[in-house]
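Visitor: Based on what follows, work out the 3D shape:
(chains A, B, C and D)
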2 protein chains.
Amino acid sequence: MSEIKKKMSERGEISKVVSEKPAQTLGRKRDHTRDDKILEAAIDILVDTSFDGMTMDMVAARAKAGKATVYRRWSSKAELVRDALAWMNRNHLELESLPDTGTLREDLLVLLKPQSIAEEERKFRVLAGLGSFLQHPEFAEAGTAGIFEPWIVMNRELMNRAVVRGEIPAHADIEMACQVITSMASFRGLIQRKPFDKLFFTALIDGILLPALKNPQIAPNIMETLQDE
Amino acid sequence: MSEIKKKMSERGEISKVVSEKPAQTLGRKRDHTRDDKILEAAIDILVDTSFDGMTMDMVAARAKAGKATVYRRWSSKAELVRDALAWMNRNHLELESLPDTGTLREDLLVLLKPQSIAEEERKFRVLAGLGSFLQHPEFAEAGTAGIFEPWIVMNRELMNRAVVRGEIPAHADIEMACQVITSMASFRGLIQRKPFDKLFFTALIDGILLPALKNPQIAPNIMETLQDE
DNA sequence: TAGTTCCGGAACTTTACAGTCTCGTTTATA
DNA sequence: TATAAACGAGACTGTAAAGTTCCGGAACTA
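Guide: Predicted coordinates:
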């Protein structure tokens, strides 16, 4: 039985992010700068190994902390990883600083900064090793949505602006196009383990996305497709 | 340290599929019908748990076999899983039985039989739990290529036929379109854990793929996009 | 300055599982 | 019919890791 399953059957609920204690005033204060060190150490290790491959000793050693210090903050490995994922996905999502070059093509390309690529590849590697952890749906959300949602939001905004500019028709399937981007990125990073670099992204944009968005079907008749099941 | 890493550092090479023994003629013969029972049991378990979550006791119990019987065939868990993946991907890929309805749209839809969908979703669930196992590149190929390659081959063939028919231009980016299909399928099955059903696939085809394939860029000038890095 | 809680480090306990071995039985060869 | 290997079942061994506890020292409060 996997580690995570064991834990879940024993305790009922997942605790909130970094448990708070009942207003104590005595003794040395908890050094909350250690929290981030520990979470960062956990992510660093998850980049290179899997959930099951990561040990609490590794985390403590990498953070130069004692295991007691770790368990004082998180009561189990599952909770630590849960919070580490949330920490990894803490978002620098600034919608107001989105590129606005005048064409959708340039906007999309500018969004794909080399630094963003490296960061996303790190997240993919973490995600790839989460296996048994993600089998529990309550954890799956934290691990996945946080990674992909920001990109979908940004791409959606860029495409909507293109509609407003008249660059693409209003009835183009923007949601599907956004999903294509995140799907291709994750497939390439997660499965093929190749870089989602500018060359590939350009080919995707020019070969598929822009042609599709600029020449959508005249009458996307869903009803007709449903009847012939 | 994960199980797989331990094993790999000890032994050098991965053994071939179901090891053969040096021409012995004495005693009871090995019952090779047990091989498939064991591999099938392994896959059945991998569908519901992860690589680390699967135990050899589970496999033996599910196959109604003794652990000795399992270890007589595979010298480690890693090798068993390796062969189980190959067994799962043993392909009923019959290129000659591809649909040929006269339109690319119908061909693609016919290819997506409900039974195929269920089978692929099973494979996705296995793949999702492989985490630490796939971190070794020599295993990654067996696990992933076997799942996706057949679909790419079939979709490529259908699209090439469409080119021959004159349904889509010859310079459409067929390879990219094939990748979009497998990417979307795996993203939906692996990450979102939603069904890649006919409704969704139809929206992908009508909203993105067919428009893109039928209206490719006039001059897909890769050179121009490369210089502005 | 005494009492309390934190810290890093490390020893310790417990549990689970990979891999091995034994047993009684079955199926093969010579 | 004697020997040999495979079979299912399950006991056994060794190791790894989650989680706990203790240590000596530091930091805080009353």
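
Visitor: C-alpha from now on. contacts and neighbour counts both.
Guide: Will do.

Visitor: residue contacts, the most centrally placed residue in chain A?
Guide: The centre of chain A sits closest to residue A:147, judged by Cα atoms, centre = their mean, with a distance of 1.1 Å. Residue A:147 is in contact with A:89, A:120, A:123, counting by Cα atoms under 8 Å, 6 or more residues apart in numbering or on different chains.

Visitor: So for it, what pLDDT did the model give?
Guide: Residue A:147 is assigned a pLDDT of 90 by the prediction.

Visitor: repeat for residue A:137
Guide: 78.

Visitor: same deal with the one 5 residues further on?
Guide: Note on residue A:142: pLDDT of 75.

Visitor: can you give me the end-to-end distance of stretch A:186-200?
Guide: By Cα to Cα, to the nearest Å, the extent of stretch A:186-200 from end to end equals 13 Å.

Visitor: Next, the buried residues of it.
Guide: By 16 or more other Cα atoms under 10 Å in any protein chain shown, the buried positions in stretch A:186-200 come out as A:186, A:187, A:188, A:189, A:190, A:191, A:195, A:196, A:198.

Visitor: rewinding a little: how near is the residue nearest to the centre of chain A to DNA strand C?
Guide: For residue A:147, the distance to DNA strand C (Cα to the nearest atom of the strand, to the nearest Å) stands at 29 Å.

Visitor: One more: residue A:125?
Guide: 23 Å.

Visitor: which one is that residue nearest to, not counting chain neighbours?
Guide: Nearest non-adjacent residue to residue A:125, counting by Cα to Cα, 6 or more residues apart in numbering or on different chains: residue A:47, 5.3 Å away.

Visitor: Per the annotation, how does chain A divide into domains?
Guide: Per automatic domain parsing, the structural domains of chain A span A:32-88, A:94-214.

Visitor: Any idea how far the last one is from the middle of the chain?
Guide: By that I understand domain A:94-214. 11 Å (Cα atoms, centre = their mean, to the nearest Å).

Visitor: Show me which parts of the strand or helix carrying residue A:142 are buried, residue by residue.
Guide: Assigned by DSSP states H and E, residue A:142 belongs to helix A:137-165. Going by neighbour count (16+ other Cα under 10 Å), the buried part of helix A:137-165 is A:139-140, A:142-144, A:146-148, A:150-152, A:154-163.

Visitor: average pLDDT for the next helix or strand after it?
Guide: Going down the chain from helix A:137-165, the next helix or strand is helix A:174-186, by DSSP H and E. Helix A:174-186 shows a mean pLDDT of 97.

Visitor: Helix A:174-186 versus helix A:137-165: what angle between them?
Guide: Using axes from the mean of the first three to the mean of the last three Cα atoms, to 10 degrees, one finds that helix A:174-186 and helix A:137-165 are set 120 degrees apart in direction.

Visitor: List of residues touching helix A:174-186?
Guide: For helix A:174-186, using Cα under 8 Å, 6+ apart, the contacting residues are A:124, A:148, A:151-152, A:155-156, A:159-160, A:196, A:209, A:213, B:179-180, B:183-184, B:186-187, B:203-204, B:207-208.

Visitor: What parts of chain A come near DNA strand C?
Guide: A:1-2, A:24, A:26-32, A:34, A:61, A:64-69, A:72 (Cα under 7 Å from any atom of the strand).

Visitor: my guess is residue A:215 meets residue B:215, correct?
Guide: Yes - counting by Cα atoms under 8 Å, residue B:215 is a contact partner of residue A:215 at 6.9 Å.

Visitor: what about the residue nearest to residue A:125, which helix or strand?
Guide: Judged by DSSP H and E, residue A:47 forms part of helix A:33-48.
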